[in-house]
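Chemist: Below are the sequence and a predicted model; questions follow.
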Amino acid sequence: MKERRPLSAVFLLPVLAFVCQAQQSAPPVIHGLNPNSGCQSIGNTNYFSNGVLVSNETAMVTSDRAAENDLTGDVVAEGDVTILDHGHIWRGTNFVYNFKTGDVRANTFKSLQAPFTLSGAHLAGGSNNVYTATNAIITTDDYARPGYRIRARRITIAVGQYFEAHQATLYWGKVPVFYFPYYKRTLGAHPNNWEFEPGYRSTFGPYLLSAYNWYGNGMLDGTLHFDAREERGVATGPDLIFHLGNWGEAAFRYYYANDQKPNADGLNAPDLGENRQRASFYYEVHPASNLTAKVVASYQSDPVMLRDFFESEYVTNVEPASFAEASQLWPNYTLNVMVQPRLVDFFETVERLPDVKLSGLRQEVGQTPVYYESESSVGWFKRAFSSTNSLYFLTNYTFNPNSMYFRTTNAPPSDYSAGRVDTFHQFTLPETFFGWLNVTPNVGGRLTYYSDVEGPQIQTNQQLRAVFNTGVDVSFKASQVYRDAESSFLDVHELRHIIEPEIDYAYVPAPTRSPSQVPQFDYQSPSLRLLPIEFPDYNDVDSIGGMNVVRFMLRNKLQTKRDPGVQDLVNWALYTDWNLDPGTNHPFGDFYSDLDFRPRSWLTFVSSTRYDMVSNRWREAVESMVVQPSTAWSLALSYRYLINNDPEFQTYAGEDVPGHNLITASLYYRMNENWGAHIAEQYEAQYGGLQQQVYSIYRDLRSWTAALMFRITEGPGQPTDFTVALTFSLKAFPRYGMGSDSNRPGSLFSSGNLMDPVDPY
């Protein structure tokens, strides 16, 4: 049997120009594919053998033998024929292609209209990019004997758009399943389809999540959800995606659940009611160059609606915001206008009605070495506290989606509002000494006006606050290359060491008004990492106090040559703050270390720690290791420690916040081409229990993939939540992205955006 030449030969084999040239110099251009290629001209026809490539600016034909007519533009190709026409590929053994009109004729053919494979006989057409054929086979199972297929008496193909099948029969194996007098399918990655996920969950009982994904005329797509949970009731709602061309992109989502047991999980949640719903809207448009407008609106009937029914969204953002924003960018300035209303009253919100900000990017002042930057804003703000008992979600500090805390004591603070006008201006003078030492002093000032504060408990008169700031940034970078460094154990082939010391000094005298004397709209929240000390990077406008701080930073990199290029072997950053006016506090702040160590291309260690030098204790530690030596298996281990009852977070939450001693492990193993397994465990050593267990078994069904998944979630004072789910996904139209079960396991066990063509949130 003759060996078939792969399509890659068209691009990879060297082409050899024929000595025999076409009689006309106009396209197409003809080349031989190997030294034995030959040609012969008879009249207006050129005959080629032993491998030939015929091409012009839009098309290319490769074949074993070909005859090209200079007058008509026809190329008759035989043998192993491949036609690449405007990015589309046809394969077969006998083709007639016209380089002048683009028409194609073939006795038999095969074509990929991703993700569909089409084959048939008597192919004709092409001048308007539409083709017809007979006795066609349509499938996404690209095998010699597809597991399922549609056999059509006649087919019309509009390349890249759709195909129409007439007198078509769906076969499963050799068994006819369904007859279509007429069948039309839009080409691309998203044809209309149903998705089903049966399962069982402790708080739901048996359930069935279903969604119908449909695609309109290119302007409107959507998903309709139909979900049934035996203990909770039924739920439904649409997801609509609008493609508006020059008018932008928009999305609307609504979900209604008639929840029969809204407190089934046993948490101390407020009275939720049976009628639970969520709605969200997103719109983004670019009406002009460097102008962007965006609207995001998020509504939910209760604070745990997302947690109960949209877990993957909940773990990403537990308090979705609502706002409208427009931004205009110029070479030296940006203008931002934001309106942020409050759509739900159970989350604390800072309303901005509106907030207008003009930022001057760092720019040179005339012909001087001085640079200037500014930031000015004006707006009306209202700090609106939760109208119910305060709700605190700690998913940022634990991976258990059930971890949330309801404060049932203390009345919420009263809302207050005020107008604010703020302007900040700063000059810098970057200099380089000795060719390597970078010194950048800065000096600036801020003036902030507050109107009368309106509120039942907080009332202050209008006031003016002035802030002065200055400082200097000193840094340099040095490197050394070690050509003789070699280590097979660490996969080291030469080394480059880069060291970057940096010292930042910031001095801010006490403002004319302390933070306790002005309303707090842009206030400083607790952070596990160091906040900026330079302006305007530090943007908590209302929390600005006195500062006299030196920040020490040291970055070290070790780089080595590894295929396919240069890779970091070590990337290590150390930093801390020295408070020159400590008062009653310790002069040195916490000591931070961020380390990435990659001893092999397939082995990575990551460490991020925070050490309290006052009390000589660790406040935070995050350590992880990822091992992926092949596509057959991978292992990820991590450890996270957060000190219990950290005073910094007690101040924020107003109550004790439990620490964490969390150990996680994730193992994926592909046993063979058909079977795979994934195990993920989360152990909380703080109370000595498994917080979450996820077990998944995957089966490759050739054109389909199936997964059977188990999850057990538990925590102190919470009932055990057990879930089992069965999912199917057609390979041609995958339901989930790669790694979604390990990165966001909640997406496999909850309702939501099964289609998910747009993820604006």
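Modeler: Noted; the coordinates are in hand.
Chemist: who does residue 592 bridge with?
Modeler: Beta-bridge pairing for residue 592 (DSSP bridges): residue 575, residue 610.
Chemist: What separation is there between it and residue 575?
Modeler: Distance, residue 592 to residue 575, by CB to CB, to the nearest Å: 5 Å. Heads up, the C-betas are built off the backbone N, CA and C, glycines and all.
Chemist: what sits in contact with each of these two?
Modeler: Both residue 592 and residue 575 are in contact with residue 530, where contact means CB atoms under 8 Å, 6 or more residues apart in numbering.
Chemist: Against residue 241, how distant is residue 222?
Modeler: Computed with CB to CB, the distance linking residue 222 and residue 241 is 6 Å.
Chemist: go on, residue 194?
Modeler: To residue 241, residue 194 is 18 Å away according to CB to CB.
Chemist: more neighbours, these two?
Modeler: Ranked by neighbour count (other CB atoms under 10 Å), residue 194 and residue 241 place residue 241 first, with 22 against 12.
Chemist: okay but residue 420 is in contact with residue 378, surely?
Modeler: Yes - using CB atoms under 8 Å, residue 420 is in contact with residue 378, at 7.3 Å.
Chemist: Just want to know which of these two has more residues nearby.
Modeler: Counted by other CB under 10 Å, residue 420 and residue 378 do not tie: residue 420 has more neighbours, with 21 against 15.
Chemist: beta partners for the more buried one?
Modeler: Taking DSSP bridges as the rule, residue 420 bridges to residue 379, residue 450.
Chemist: got it, and the one 4 residues further on?
Modeler: When bridges are taken as DSSP bridges, the partners of residue 424 come out as residue 375, residue 446.
Chemist: Which parts of the protein are helices?
Modeler: For the chain, the helices defined by DSSP state H occupy 9-12, 305-309, 311-316, 647-653, 740-743.
Chemist: Worst mean pLDDT among those helices?
Modeler: Looking at the helices of the chain, the lowest mean pLDDT belongs to helix 9-12 (a mean of 36).
Chemist: Count residues in the vicinity of residue 326, would you?
Modeler: 18.
Chemist: and it, how far is that from residue 284?
Modeler: 11 Å.
Chemist: Kindly report the same for residue 547.
Modeler: 38 Å.
Chemist: swap in residue 91?
Modeler: Distance of residue 91 to residue 284, computed by CB to CB: 41 Å.
Chemist: do residue 362 as well
Modeler: Taking CB to CB, one finds residue 362 at 28 Å from residue 284.
Chemist: between these two, who's got more neighbours?
Modeler: Neighbour totals were compared for residue 362 and residue 284, and residue 284 leads with 16 against 13 (other CB under 10 Å).
Chemist: What about the closest residue to residue 521 other than its chain neighbours, how many residues nearby?
Modeler: Excluding the flanking residues, the one nearest residue 521 by CB to CB, 6 or more residues apart in numbering is residue 381, at 4.2 Å. Neighbours of residue 381 under the rule other CB under 10 Å: 24.
Chemist: List the contacts of residue 381.
Modeler: Neighbouring residues of residue 381 by CB under 8 Å, 6+ apart: 350, 351, 352, 353, 355, 417, 418, 419, 420, 519, 521.
Chemist: same thing with residue 170?
Modeler: Here residue 170 is in contact with 148, 149, 150, 176, 177, 178, 179, 180 (CB under 8 Å, 6+ apart).
Chemist: hmm, which of these are the buried ones?
Modeler: Listed as buried from those are 148, 149, 150; burial here means 16 or more other CB atoms under 10 Å.
Chemist: Now do the last one, the pLDDT please.
Modeler: Meaning residue 150. Here, the pLDDT recorded for residue 150 equals 88.
Chemist: Look up the closest residue to it, ignoring the ones flanking it.
Modeler: Using CB to CB, 6+ apart, the closest residue to residue 150 is residue 138 (4.3 Å).
Chemist: Residue 386 and residue 478, how far apart?
Modeler: 52 Å.
Chemist: Same drill for those two, tell me which one is more crowded.
Modeler: More neighbours surround residue 386 than the other of residue 386 and residue 478, with 18 against 10 (other CB under 10 Å).
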